Every structure is written in C-alpha cells, then in structure tokens.
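J.: Need a 3D model of the following:
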Amino acid sequence: MKINLLVIRTSNPDKLKIQYEKIGFQFNYHQHGNGSLHYASEKEGFVFEIYPLSKSMKEADNSIRLGIEVGNLKLTFRNIENSDWKIISEISKTEWGEIAILQDSDGRKIELKNKM
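T.: Below you'll find the model as predicted:
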C-alpha cells in the first residue's frame with residue numbers, strides 16, 4: 001500500500017504554500033472542473049494539495065501529523081530560518097534516523113526525516 005494523495009485545508013492557502021515550499025515542495029495553481037482553486041505539488045507519484053477551507057469549516061484541522069522524508073535535513077532546516085515554521089524539536093538522532101519536528105501556521109506537526 002502507498003499513499004498517493006494528501007489534501008489539507010487552510011484559511012490562508014498562499015501562506016501555507018510558501019511554508020511548504022521552504023521544505024522542498026513545488027506547487028502549481030490548479031482547478032478541477034468547477035471546484036476550488038488550490039495548490040498542487042506532485043512528485044514520485046505523490047500529490048500534495050492545499051485547498052481553502054470548505055464553506056462548512058471554521059478552521060483548519062490541525063490534528064494531522066505528517067512525516068516527510070527530505071534529501072538533506074540540515075539544508076532544509078537552513079531554508080526554514082526566519083520563516084513562519086515553528087520548530088518543535090531540533091534535529092536529533094533516533095532509531096529511525098535523523099528527525100526534526102516542525103509546526104505549520106495552522107498547527108499541524110510535521111516530522112522531517114533525513115533520507116537515508
């Protein structure tokens with residue numbers, strides 16, 4: 001089994017797009033039929049989309065925790081300096097490799113792992 005799509009919603013898609021670009025995503029502006037305009041990033045068969053909140057949502061769901069493997073964790077950390085990312089835990093060595101935990105502007109925790 002492999003996850004190939006993840007959609008998150010936010011009250012500020014432009015701000016979130018900029019945040020996630022800092023950790024390596026590249027987005028295009030998309031619209032499917034009459035659906036909402038949104039940002040989409042596709043790499044290696046995985047699609048990550050950032051949508052505005054739906055009409056029934058008052059705020060973004062921040063209970064999701066994402067794990068993202070990056071090519072160079074130290075370089076990624078330098079890219080987020082002076083950005084809106086909140087650092088929850090610095091880079092540390094664990095039994096699963098080098099990991100750091102960030103929080104996006106909606107409160108989602110993002111676990112960055114150095115690619116092995």
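J.: Could you tell me the per-residue confidence at the residue positioned nearest the centre of the chain?
T.: For the chain, Tyr20 is the residue whose C-alpha lies nearest the centre (C-alpha atoms, centre = their mean; 4.8 Å). Tyr20 is assigned a predicted lDDT (pLDDT) of 96.
J.: thinking it is in contact with Ser41, fair?
T.: Yes: applying C-beta atoms under 8 Å, one finds Tyr20 in contact with Ser41, separated by 7.5 Å. For the C-beta atoms, the positions are set from N, CA and C on the backbone; glycine is no exception.
J.: Tell me which stretches of the chain form strands.
T.: 5-10, 28-30, 38-43, 46-52, 65-70, 86-94, 97-103, 109-114 (DSSP state E).
J.: The first one pairs with which strands, and in what direction?
T.: The reference is to strand 5-10. Strands adjacent to strand 5-10 in the sheet, as given by DSSP bridges, are strand 46-52 (parallel).
J.: nearest spatial neighbour of Trp85, skipping sequence neighbours?
T.: Closest residue to Trp85 apart from its sequence neighbours, by C-beta to C-beta, 6 or more residues apart in numbering: Leu102 at 4.8 Å.
J.: Next one: the one you found from Ser54, what distance?
T.: Note on Leu102: its distance to Ser54, by C-beta to C-beta, to the nearest Å, is 25 Å.
J.: out of these two, which sits in the more crowded spot?
T.: Remark: of Leu102 and Ser54, Leu102 carries more neighbours, 23 against 8, as counted by other C-beta atoms under 10 Å.
J.: looking at it, the more buried one is touching Lys109, isn't it?
T.: Yes: counting by C-beta under 8 Å, Leu102 touches Lys109, with 7.4 Å between them.
J.: Good, we can wrap up now.
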